[in-house]
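In: no FASTA, just this:
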């Protein structure tokens, strides 16, 4: 408990995203603070979804899973009617746009809950991959034990500055994605600016980064093309891996910044949901006159607006209760098989 | 040089003591049979210095050295013996056993193939099948053991090895028949292990785990017991417990390929590249030239920035295995990191093509 209070204290102290960064980069910092990436992790006590849902329940077979609010904390429990296992929800992963999964600590190890909260239903359901897991007793039904390295990877992407010194850890962290995670050297840059050291303040600009390098940068947390191409999953389940899908597009060009992740998405802002917003990005290559420019691409013969509604169809993953935008940009055909 | 002088002194001392070479040999054999191996080794060496060269005595010396676990020296003596009598089946068998014990399985298999041509028999066939099992060549194991199965349908060693090979070769029904024969003899660790393997093949991971645990309860040293448990645990997503199981197997049998390879994969996934690399080197000793191991080594090099080494290995692997998608994926990544964009794009296009072909095949199979 003392450990968690210490972590919470540390987290709150760092809660303002990139406070020093925000002194100069006010607009970016202010916009980023409310994005799902910034809110990718919250303590069990702080998680807005858990504060808003005081009693969540899910039943399958002989087991019942529940998360209930008890004062400033949320308590996770699993029971087979005879034996009950309980633990405070330590961390809530995900801002809740699609859903949220929870981690609890037991005997010095991290466990992933087999049930997650889903935005579309507002209820608990199976965490992806858990429905078919064998459950012979309450212990097994409670969750999947994470190997220490796996837990470190989870916290490494969903928080900043997670410090591990053995044990279950981490001993300190700042929840959510922060400046330093993408802008390597941001802290050094801020310190150099503070002391007026112009040379020391130099930091790599990401604005002109090519599509391949940018994919690798985003790929530190969003699985890269090579990871999915080599290890799967194959089939519609991989629609949630945007870098893989985009890279598999016919129009993907490893050197062209017009197809890089940031050509469409500003990581400092919320994802824009209006299809028309993306037209300008598509037309940067497919607009009238581009063929003459020798780009080898054709303008669309059907329409010049809302391109993504046809060329980036939505694909639902029922287990996640969510419709993903397929980033494999293509000419879709009626009844086509999902291109892997 | 010092050893040579020492041997000469001993030889001179023996001659001075009036001992003829035949007497030295007689004494050496007596000591060997009495279990005084150290003295036997010394006397065999004395005899070989003083007496005429002999494949039999060199082989005896090798056997005495092997008895003491001095396999490298034993192998050298067996090889000396084979220079005198290249097709001597006993020497070939001894050499094969020494190779087998030191994990030089492919060399053991080659020697055993030679023995089998001149002196076929139960022990040689079983050992040869065991080598092929270690090398993952399950079809050869089956081909070797099927005649033996007809001769000795109740032989537990034949049944266990054959059942295991059939299950690994996904010949589930035939494997089940062999398991039945073993089970009729009563509960045993080996039977549980085979049952677990059958369940593992059928993706019943929890059932497999239960059988493997039972097998280990019956015999904590049962060959492949911990390795099999590790495989079930990997499939159940219990990476930490799986790694522990593989480590236990390697304590029981340091030459167990499955345990070494699977543990290497887990270490690599945990980004413990040095540990993974050491294990993969051990695997490559067990299965020389195996491209699955070389691929893992290359991707380890890629992860640790040894790009040229990774490129060289991957280029060779995809040349030999042009439809190996993962090889092209990793090679594309290497090329991009080396700023060879065009090569990267070419490999990526190949991946797209291979993935589409695989999807088409899967769809056709589904529609049948």
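Out: Done, it's in. Computed from a prediction, not measured in an experiment: that's the story for all the values here. Numbers count the residues shown, from 1 in each chain, chains lettered A, B, ... in the order given.
In: how many neighbours does residue B:367 have?
Out: Burial measure for residue B:367: 6 neighbouring residues, criterion other CB atoms under 10 Å in any protein chain shown. The C-beta positions use only the backbone N, C-alpha and C, and glycine is treated the same way.
In: Tell me which residues touch it, please.
Out: By CB atoms under 8 Å, 6 or more residues apart in numbering or on different chains, the contact set of residue B:367 is empty.
In: what about it, distance to residue B:360?
Out: To residue B:360, residue B:367 is 11 Å away according to CB to CB, to the nearest Å.
In: what packs against the strand or helix carrying residue B:317?
Out: Remark: residue B:317 resides in helix B:307-320, with elements defined by DSSP states H and E. Secondary-structure packing of helix B:307-320 (3 or more CB pairs under 8 Å, 6 or more residues apart in numbering or on different chains; DSSP states H and E): helix B:291-303, helix B:325-337.
In: Tell me if I'm right that residue B:189 and residue B:222 touch.
Out: Yes - with contact defined as CB atoms under 8 Å, residue B:189 reaches residue B:222; the gap is 4.0 Å.
In: Give me the common contacts of the two.
Out: B:215, B:216.
In: which residues touch the residue in chain B that chain A sits nearest to?
Out: In chain B, the residue that lies nearest chain A is residue B:206 (3.3 Å; CB to the nearest CB). The neighbourhood of residue B:206, defined by CB under 8 Å, 6+ apart, consists of A:134, A:136, B:232, B:236.
In: among the residues you listed, which are in helices?
Out: residue B:232 (DSSP state H).
In: Out of the contacts of residue B:206, give me the one that has the most neighbours.
Out: Highest neighbour count within the contacts of residue B:206: residue B:232, with 26 neighbours (other CB under 10 Å).
In: Can you name every helix or strand that the helix or strand encompassing residue A:156 contacts?
Out: Assigned by DSSP H and E, residue A:156 belongs to helix A:148-158. Packing partners of helix A:148-158 (3+ CB pairs under 8 Å, 6+ apart): strand A:109-118, strand A:159-163.
In: which element is the residue of chain B closest to chain A on?
Out: helix B:205-218.
In: Could you pull out the buried residues of that helix?
Out: Of the residues in helix B:205-218, B:205, B:207, B:208, B:209, B:210, B:211, B:212, B:214, B:215, B:216, B:218 count as buried by neighbour count, 16 or more other CB atoms under 10 Å in any protein chain shown.
In: ditto for stretch A:278-292
Out: Within stretch A:278-292, the residues scored as buried using 16+ other CB under 10 Å are A:278, A:279, A:281, A:282, A:283, A:285, A:286, A:287, A:290.
In: try stretch A:200-217
Out: A:201, A:209, A:210, A:211, A:212, A:213, A:214, A:215, A:216, A:217.
In: what sits up against it?
Out: If you take CB under 8 Å, 6+ apart as the criterion, stretch A:200-217 is touched by A:182-186, A:188-189, A:191-193, A:224-225, A:243, A:246-247, A:252-257, A:259-263, B:336, B:341, B:344.
In: From start to finish, how long is it in a straight line?
Out: Taking CA to CA, to the nearest Å, the first and last residues of stretch A:200-217 lie 23 Å apart.
In: That stretch: how far from the chain's middle?
Out: 20 Å (CA atoms, centre = their mean, to the nearest Å).
In: Repeat that for stretch B:25-45.
Out: On CA atoms, centre = their mean, the centre of stretch B:25-45 falls 32 Å from the chain's centre.
In: Contacts for it next, please.
Out: When contacts are defined by CB under 8 Å, 6+ apart, stretch B:25-45 is touched by residues B:7, B:10, B:19, B:24, B:46-47, B:51, B:57, B:60-61, B:63-65, B:67-68.
In: Buried subset of those as a ChimeraX selection?
Out: Selection command for ChimeraX covering only the buried members of the contacts of stretch B:25-45, criterion 16+ other CB under 10 Å:
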select /B:7,10,19,24,46,47,57,60,61,63,64,65
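In: Now do the contacts for the residue of chain A found nearest chain B.
Out: Scanning chain A for proximity to chain B using CB to the nearest CB identifies residue A:134 as nearest, at 3.3 Å. Counting by CB under 8 Å, 6+ apart, residue A:134 makes contact with A:140, B:205, B:206, B:236.
In: Pull the contacting residues for the spatially closest residue to the second one that is not a sequence neighbour.
Out: With sequence-adjacent residues excluded and distances taken as CB to CB, 6 or more residues apart in numbering or on different chains, residue B:205 is closest to residue B:235, at 4.3 Å. Taking CB under 8 Å, 6+ apart as the contact definition, residue B:235 lies against B:200, B:203, B:205, B:208.
In: Near chain A, which residues of chain B are found?
Out: Selection of chain B residues close to chain A by CB under 8 Å from any CB of the partner chain yields B:205-206, B:236-241, B:243, B:269-271, B:325-326, B:329-330, B:332-333, B:336, B:341, B:344-345, B:348, B:351-352, B:355-356, B:358-359, B:363.
In: buried subset of those?
Out: The neighbour-count test (16+ other CB under 10 Å) marks B:205, B:236-241, B:243, B:270, B:325-326, B:329-330, B:332-333, B:336, B:344-345, B:348, B:351-352, B:355, B:359 as buried among the residues of chain B next to chain A.
In: Residue A:87: neighbouring residues, count only.
Out: Neighbours of residue A:87 under the rule other CB under 10 Å: 19.
In: pLDDT weak spots in chain A?
Out: Applying pLDDT under 70 to chain A flags the ranges A:1-19, A:165-168, A:289-296.
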